[in-house]
Every structure is written in C-alpha cells, then in structure tokens.
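**Student:** For reference, the sequence and a predicted model appear below.
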Amino acid sequence: MPLPNVESWELEKVIEYCSKYLELKNKEDFDRKLEAVADHIKNKDVEYVRELFEVENDFTEEEYEAAKAEAPWAHENLDKDWY
C-alpha cells in the first residue's frame with residue numbers, strides 16, 4: 001500500500017507507538033484478570049482453590065497441619081459459600 005506523503009521515520013514512530021499501546025493494553029487486561037482471580041479465591045478454603053485449579057494435594061496430613069500451625073490466619077474467616 002503506497003504511502004506517498006509519509007517518511008519512513010514517521011511510519012516507524014507510528015508503529016512504535018502502536019506497539020507500546022498494545023503492550024500497555026495487554027498488561028492492563030492481564031492485571032484486571034489477575035485481580036479478578038485473586039478476588040475470586042480471596043477468603044476461600046485451600047480445598048476450594050485446589051479444586052478450582054485442579055491442583056493435587058501432595059501434602060501429608062502432618063505437613064498440612066504444620067502449614068496450618070505456621071499460618072493460622074490463612075485458615076480463619078473463610079467463605080463457606082462454595083460448599
């Protein structure tokens with residue numbers, strides 16, 4: 001497609017601008033989606049999150065209890081609406 005009145009450096013600047021705009025837009029979309037996922041799993045039980053993301057529990061019962069003891073706050077005030 002001929003662009004008779006456009007210098008190559010001008011076209012290069014337009015392409016560079018568009019590229020940066022798309023990168024920013026994609027980052028904003030990614031950040032929004034990431035925030036939505038974080039909001040969805042906030043205050044949810046570990047089992048719910050494992051089910052949601054299809055993550056196998058590879059902790060032994062002892063390891064799980066030790067993790068709960070290390071971070072008891074992570075197991076308090078959980079939403080029970082998914083049961």
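**Tutor:** Nice, thanks for sending it over.

**Student:** List the contacts of the residue most central in space within the chain.
**Tutor:** In the chain, the C-alpha nearest the mean C-alpha coordinate belongs to Leu34, at 2.7 Å (Cα atoms, centre = their mean). Leu34 makes no contacts at all, as judged by Cβ atoms under 8 Å, 6 or more residues apart in numbering. No exception for glycine: its C-beta is placed from N, CA and C like everyone else's.

**Student:** so is it in a helix, a strand, or just coil?
**Tutor:** helix (DSSP: H, G, I helix; E, B strand; the rest coil).

**Student:** Tell me which residues of the host helix or strand of Tyr48 come out buried.
**Tutor:** Applying DSSP states H and E as the criterion places Tyr48 in helix 46-53. Judged by neighbour count using 16 or more other Cβ atoms under 10 Å, the buried positions of helix 46-53 are 46, 48.

**Student:** ok, the residue nearest to the centre of the chain to Leu24 distance?
**Tutor:** 15 Å (Cβ to Cβ, to the nearest Å).

**Student:** Now Glu28, what are its backbone angles?
**Tutor:** phi -60, psi -40 (degrees, to the nearest 10).

**Student:** Now do it against Val37, distance only.
**Tutor:** Taken as Cβ to Cβ, the span from Glu28 to Val37 is 15 Å.

**Student:** Please apply the same query to Glu63.
**Tutor:** Taken as Cβ to Cβ, the span from Glu63 to Val37 is 26 Å.

**Student:** how near is Glu35 to Val46?
**Tutor:** 21 Å.

**Student:** ok, now Glu28?
**Tutor:** Applying Cβ to Cβ to Glu28 and Val46 gives a distance of 30 Å.

**Student:** same check, this time on Glu70
**Tutor:** From Glu70 to Val46 the distance is 13 Å (Cβ to Cβ).

**Student:** now do Trp9
**Tutor:** 56 Å.

**Student:** Near the closest residue to Ala74 other than its chain neighbours, how many other residues are there?
**Tutor:** Setting aside the residues directly before and after it, Ala74 is nearest to Lys68 in space (Cβ to Cβ, 6 or more residues apart in numbering), at 7.8 Å. Neighbourhood size, Lys68 [other Cβ atoms under 10 Å]: 12.
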